[in-house]
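[1] my questions concern the predicted model and sequence given below.
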Amino acid sequence: MPFPEITRLSPNCDATVPHERLGVVFHHSVIPFDETIALMTDPARKVSYHCLIALDGTRCTLVPDDHIAWHAGVSSFQGRAGCNAFLLGLSFAGDTYAAPLTEAQLASTIEWLAPRWVRHGWTLAWMTDHRQVAPGRKNDLNPVEWDRVIAPLKARFGEAN
Ligand SMILES: [Zn+2]
């Protein structure tokens, strides 16, 4: 059974330039699922992710993949500044320093990634988190939880497979 998926489109995005979709920046939202959706759909906040994953694995699409969500801010990756233009934003509801990611969140991540991995020809080198693209400014994810995200991706999508 796939995890439930809902859509609550956020106005906080840029639809005029096509998204390059070269990979993914993982985030945590600190606050719970419903509160995160409320914040991300508030035009005054000017922030958004492409997708938010609840503790039970339910996914909420906030911005379509072909639009630019405003998730990374001042950031750089693979020698390029401005990650919003070329990396999708996937966030876990909750705070990875306060509680570990749930098994449902990890499984739902694989489910969200799998079709995109094939469609866009992604590699592990293009998976990162907010802490790594905005060092010293952002701390999500907890490095211990980042390892729990990347390990199943290596097993599922790694170069050996
Ligand atoms: Zn973040």
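    Everything's here; your move.
[2] low-confidence bits of the chain, can you list those?
    Confidence mapping of the chain against pLDDT under 70 gives the ranges 160-161.
[3] got the residue ranges for the strands in it?
    All strands of the chain, identified by DSSP state E, fall at 5-7, 13-14, 23-28, 51-53, 59-61, 68-69, 76-77, 80-81, 87-92, 127-129.
[4] doesn't residue 121 make contact with residue 157?
    No: at 11.0 Å, residue 157 does not count as touching residue 121 under the criterion of C-beta atoms under 8 Å. For every residue, glycine as well, the C-beta is placed using N, CA and C.
[5] which residues are contacting stretch 144-157?
    26, 28, 96, 100-101, 106, 109-110, 113-114, 117, 122-124, 127, 129, 131, 141, 161 (C-beta atoms under 8 Å, 6 or more residues apart in numbering).
[6] buried subset of those residues?
    26, 28, 96, 101, 106, 109, 113, 117, 122, 127, 129, 131, 141 (16 or more other C-beta atoms under 10 Å).
[7] what sits closest to residue 59 if chain neighbours are left out?
    Leaving aside its sequence neighbours, residue 59 sits nearest to residue 5 (C-beta to C-beta, 6 or more residues apart in numbering; 4.8 Å).
[8] before we move on, back to that, any chance of a markdown table for the strands of the chain, columns distance to the ion?
    Formatted as a markdown table, the strands of the chain follow (distance: least, C-beta to the ion, whole Å):
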| stretch | distance to the ion |
| --- | --- |
| strand 5-7 | 21 |
| strand 13-14 | 16 |
| strand 23-28 | 3 |
| strand 51-53 | 11 |
| strand 59-61 | 16 |
| strand 68-69 | 11 |
| strand 76-77 | 13 |
| strand 80-81 | 17 |
| strand 87-92 | 7 |
| strand 127-129 | 8 |
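[9] same list (those strands) but as JSON lines, adding distance to residue 151.
    What follows is these, written out as JSON lines (distance: least, C-beta to C-beta, whole Å):
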{"stretch": "strand 5-7", "distance to residue 151": "24"}
{"stretch": "strand 13-14", "distance to residue 151": "31"}
{"stretch": "strand 23-28", "distance to residue 151": "13"}
{"stretch": "strand 51-53", "distance to residue 151": "17"}
{"stretch": "strand 59-61", "distance to residue 151": "21"}
{"stretch": "strand 68-69", "distance to residue 151": "26"}
{"stretch": "strand 76-77", "distance to residue 151": "20"}
{"stretch": "strand 80-81", "distance to residue 151": "26"}
{"stretch": "strand 87-92", "distance to residue 151": "15"}
{"stretch": "strand 127-129", "distance to residue 151": "12"}
